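1. Quick one: sequence and predicted model below, then my questions.
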Amino acid sequence: MKATIIGSENSGKQGLFDILTQGKTSKNKGKLLGSANVPDDRVDSMASVFQPKKTTYTQLHFISVSLEPVFPFEDLRSSDVFVFVIKAHSQYEGDVVDVIKDYEDVDMLFRLKDIELLERFIDRHKKDPKAKKEVEECIQLLPLIENNQLEEDTPMIHSDVVKNLGLHSVIPRIVVFNIDENSIHSTSPFEKQWQETYTNVPYTKICIGLEEEFTSLSEEDQKELFQEYSIEKPGLHNLIHTVYEHLGLQTFFTVGEDEVKAWTVQKNITALEAAGKIHSDIKKGFIRAEIIHYEDFKQNHFSMKECKENGCFFLEGKEYILQDGDIMHVRFNI
C-alpha cells in the first residue's frame, strides 16, 4: 500500500515523512521513499505468547514529493492514497491560516490535469467505434471533475479507461492538519470549516513539532511527555489507522513458533482470497480455514486449546468472509 505525502515546504510535510519512516529512506529520481510499520498491539501480544523467530507487522509505504518547481504529476499516479499536509497554526504574528485554500490550490491543479487528460482521450478516440464506451465514460466524468462533484462511489472511477489514464481526482485523500501544542485537545475553527466543506475527506490532527520531539527521546521520557500532554498514543498512530479505515483495509494474522505475521487485505475478502495472499499454492490446494477471532483468543488466555474447548475454534470454507483480527491457519493439499 503506497501513500504519497503532499504539502508545501512550510507545511510540515518533510517532518511528517521523517517521523513515519524513522530516517530509513532512499531517494529515487527526486522522490523520497520510505516505509512504516502499522502499530498493532495484537501483534505484540501474540509475539509475547508464541515467542516466534520472526515478528512481521503490516507496512505502509510512503513517498514524499516536492510540489516545486514543477508539479510532479507523473510521480503521483501510482499512489493508493494522497496524504495532504496542511499547516494549521500561525508561526508568527500576521501569519494567515487558510486550510481550505491550501487544499484547493493543489486540488485544482489535479482537476485541471485530469480534465486535460480526459479531453485528449476523447479527441483522439471519438471516431473509433471500438472505444465508444470509454469515450462516453470520459464525457460523463468531465463535468463531475470540473465541478468537483466526483464521489468515491461513482461507478466510472473503477473503469479500465480511468485506471489507464491515471487520473489524480479518483485517488482517495486524507488530510493531516499540522497543529500547535495548544490545539491538541481543542477544536479549532478550521476544523468546523473543513467538516462543513469537505464531509467526504477525512482528516486527522498531528502536532508534527511535538511528534519530532517524541522520536528523539527514550521510551521512558516519551511516556512522561505523553502524560504531560495527556496523550495516549502518538498522532502518527491515528494517521496510519485513518489510512487503513479510509481505504477499507483490515488485518488478519498467521501465528506459530516460526513467525507471527500480520497481513493487510481489503475488507470483505474471502478465506480463499486471503489464502492466496499467503501463497498461491495454499490457495490452489485450499481445503478448510481454521479461524479463531482475536478477541476470543485473548479472552481464552491466548490458548488454542481453551479456544477449542470453549467453542471458539471454527472450520470455514472458501467463501468465509474474513473479519478484522482473524487468526487463520489454512489446511491445504497440492
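-> Here it is on my side, so go on.
2. how about the strands in the stretch 151-300 of the chain?
-> Along the stretch 151-300 of the chain, counting by DSSP state E, counting those that start in this stretch, strands occupy 173-178, 203-206, 249-254, 259-266, 286-293.
3. So which elements touch the first one?
-> Contact partners of strand 173-178 among helices and strands, from 3 or more C-beta pairs under 8 Å, 6 or more residues apart in numbering; DSSP states H and E: strand 81-87, helix 99-125, helix 189-197, strand 203-206, helix 235-246. From N, CA and C alone the C-beta is placed, and that goes for glycine too.
4. So which of those is the most surrounded?
-> The highest mean neighbour count among the helices and strands packed on strand 173-178, using mean count of other C-beta atoms under 10 Å, belongs to strand 81-87: a mean of 23.
5. And it, what does it pack against?
-> Using 3+ C-beta pairs under 8 Å, 6+ apart: strand 81-87 touches strand 2-6, helix 13-21, helix 99-125, strand 173-178, helix 235-246.
6. Export these as CSV, with columns for mean pLDDT.
-> Shown next, in CSV, are the helices and strands packed on strand 81-87 (pLDDT from 0 to 100):
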stretch, mean pLDDT
strand 2-6, 89
helix 13-21, 88
helix 99-125, 92
strand 173-178, 94
helix 235-246, 84
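7. okay, the ones you listed in TSV with distance to Val260 next?
-> Output for those, formatted as TSV (distance: least, C-beta to C-beta, whole Å):
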stretch	distance to Val260
strand 2-6	25
helix 13-21	23
helix 99-125	40
strand 173-178	28
helix 235-246	19
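8. quick one: which of the ones you listed is nearest Leu76?
-> Leu76 lies closest to strand 2-6 among the helices and strands packed on strand 81-87, at 5.7 Å (C-beta to C-beta).
9. what residue ranges in the chain score low on pLDDT?
-> Applying pLDDT under 70 to the chain flags the ranges 30, 69-70, 153.
10. So for it, the centremost residue is which one?
-> Centroid check for the chain by C-alpha atoms, centre = their mean gives Val243 as the closest residue, at 3.0 Å.
11. Go ahead and confirm that residue touches Ile174.
-> Yes: here Val243 lies in contact with Ile174, judged by C-beta atoms under 8 Å, at a distance of 6.1 Å.
12. rewinding a little: can you say which of the strands of the stretch 151-300 of the chain is packed in most?
-> Highest mean neighbour count among those (mean count of other C-beta under 10 Å): strand 173-178, a mean of 24.
13. Residues contacting that one, please?
-> Contacts to strand 173-178, defined as C-beta atoms under 8 Å, 6 or more residues apart in numbering, come from residues 11-12, 16, 81-89, 99, 103, 190-191, 194, 198, 201-208, 239, 242-243, 246.
14. and if we set it to 6 Å?
-> With contacts defined as C-beta atoms under 6 Å, 6 or more residues apart in numbering, strand 173-178 is touched by 12, 82-88, 201-206, 208, 242, 246.
15. same deal with stretch 296-310?
-> Contacts with stretch 296-310, where a contact means C-beta under 6 Å, 6+ apart, come from 49, 292, 312-313.
16. Drop anything exposed from these.
-> Among these, those classed as buried by neighbour count (16 or more other C-beta atoms under 10 Å) are 292, 312-313.
17. re the thing from before, which of the contacts of stretch 296-310 lies closest to Val162?
-> Nearest to Val162 among the contacts of stretch 296-310 is Ile292, at 39.8 Å by C-beta to C-beta.
18. ok, back up a step: out of the helices and strands packed on strand 173-178, flag the one nearest Cys138.
-> Closest to Cys138 of those is helix 99-125 (C-beta to C-beta; 4.7 Å).
19. quick one, that closest one and strand 2-6 angle?
-> With axes from the mean of the first three to the mean of the last three C-alpha atoms, to 10 degrees defining the directions, helix 99-125 sits at 120 degrees from strand 2-6.
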